[in-house]
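Colleague: Whatever this is, show me its structure:
(chains A and B)
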Amino acid sequence: MTQQSGFSTLLARYGTRREDWPRRYRLVLPLLLSIPANRDSWSALAAEEKALENLFQCESGGLEMSSALMQRLAVISERPQQNVLREPANDELALRRLLPIGVSTAMASLVLGVAVGFSDVSAPLFGDDAQYVDLGSVEASAWLQSEEL
Amino acid sequence: MQINDEDLMCQLAKGEASALDTLIQRYGNKVLNTLYRIVLSRADAEDLCQEVFEKLWLQAPSWRPEAKLSTWLYRVASNLAINHRQRYQQRHVVDTELVDQLSEADEREVESTRAERLDLNAALADLPENQRAAMYFRYYHGLSTKEIADVLGLSTKAAESLLGRGRQLLKQRLGNAEKAK
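Modeller: I've put the predicted structure just below:
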């Protein structure tokens, strides 16, 4: 691609508004426009754009709202809105302030519960400790038997 | 002193009908013309204009002043207009009302202007709705590519592409009309 056709591609893409050009190209734009062929392409497109702008400005905007439309628009406010904005009540505001504290407490309880579940709180019920429980019950029955005697 | 759009929207959110009246006076014609440029039919543009302000009224309570009101209005208007055309598949419709209005005026004085208007209408009618909308926002409202992208809900690249193709097509169509004279 030649330098000029490269510039034409950029020009076709971004137009003649400098603010529409990406910064990296904007920085080198003065340099690109120092080349006569590029400057001519730029001027030609700028003239076309100005003509389009004039055409749109002259042609558009002439339409005025008709009285029938005005009447239709005037009755819009008779319809109820989706959800009318209201000031929150004082107790609602207090509840909103307390809500994060409640949520934090619930989360802390949950985390604590999970941590306890994974800790060895229940460990004495297993292994050797369970044998002591059994032994304990045997000793107690022996003691009861000796009491009866 | 003129009340700014943000204050009017706050009033509108509280259900104040007078705020809606002020906004209609301020933006009614602009919205109508935007719609007309895309749908090219006054009757359709008026129906859609009513829809835009109905949405504004209904959605005012949930309004967040993150975007300019004008941007919001143009976005809603262009979406409705583009979807309207897609819905009814009525492409290439040129409103003749403007032509009728013009014919009532002094023929000699407006002859060249009318020809230009007809050319532009006809040329625009050949463009897809989204290109037409992009061209209108650029050349009538003077929006930048980024603003057009924002209004049409597109990426900047997509807006660049719409403008590039729109410009090319419009130039071609207007050039053909010029040659045909």
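Colleague: separation between residue B:33 and chain A?
Modeller: The gap separating residue B:33 from chain A is 5 Å, by C-beta to the nearest C-beta, to the nearest Å. Every C-beta, even on glycine, is put in place using the N, C-alpha and C of the backbone.
Colleague: So which other helices or strands are in contact with the strand or helix carrying residue A:47?
Modeller: For residue A:47, the element it lies in under DSSP states H and E is helix A:36-59. If contacts are counted by 3 or more C-beta pairs under 8 Å, 6 or more residues apart in numbering or on different chains; DSSP states H and E, helix A:36-59 sits against helix A:3-14, helix A:23-33, helix B:107-125, helix B:129-139, helix B:156-180.
Colleague: do stretch B:46-55 and chain A meet?
Modeller: Yes: counting by C-beta under 8 Å from any C-beta of the partner chain, chain A has neighbours in stretch B:46-55: B:46, B:49, B:50, B:53, B:54.
Colleague: quick one: contacts for residue B:11?
Modeller: The contact partners of residue B:11, by C-beta atoms under 8 Å, 6 or more residues apart in numbering or on different chains, come to B:3, B:18, B:19.
Colleague: What subset of those residues is buried?
Modeller: Those of those that meet the buried threshold are residue B:19, by 16 or more other C-beta atoms under 10 Å in any protein chain shown.
Colleague: In strands only, show me the contacts of residue B:11.
Modeller: With strands taken from DSSP state E, there is no overlap with the contacts of residue B:11.
Colleague: The contacts of residue B:11 into a markdown table, with extra columns for pLDDT and distance to chain A?
Modeller: Shown next, in a markdown table, are these (pLDDT from 0 to 100; distance: C-beta to the nearest C-beta, whole Å):
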| residue | pLDDT | distance to chain A |
| --- | --- | --- |
| B:3 | 88 | 17 |
| B:18 | 94 | 9 |
| B:19 | 95 | 9 |
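Colleague: quick one: which of the helices and strands packed on helix A:36-59 is nearest residue B:60?
Modeller: Of all the helices and strands packed on helix A:36-59, it is helix B:129-139 that lies closest to residue B:60, at 24.0 Å by C-beta to C-beta.
Colleague: Helix B:156-180 and that closest one, what's the angle between them?
Modeller: Angle, helix B:129-139 to helix B:156-180, by axes from the mean of the first three to the mean of the last three C-alpha atoms, to 10 degrees: 90 degrees.
Colleague: wait, does helix B:129-139 contact chain A?
Modeller: Yes: using C-beta under 8 Å from any C-beta, helix B:129-139 reaches chain A at B:135, B:136, B:139.
Colleague: chain center to that helix: distance?
Modeller: Chain-centre distance of helix B:129-139: 8 Å, with C-alpha atoms, centre = their mean, to the nearest Å.
Colleague: who touches it?
Modeller: In contact with helix B:129-139 (C-beta under 8 Å, 6+ apart) are residues A:49, A:52-53, A:55-57, A:60, B:34, B:37-39, B:74, B:78, B:81-82, B:85-86, B:124, B:127, B:143, B:145, B:147-148, B:151-152, B:159, B:162-163, B:165-167, B:169-170.
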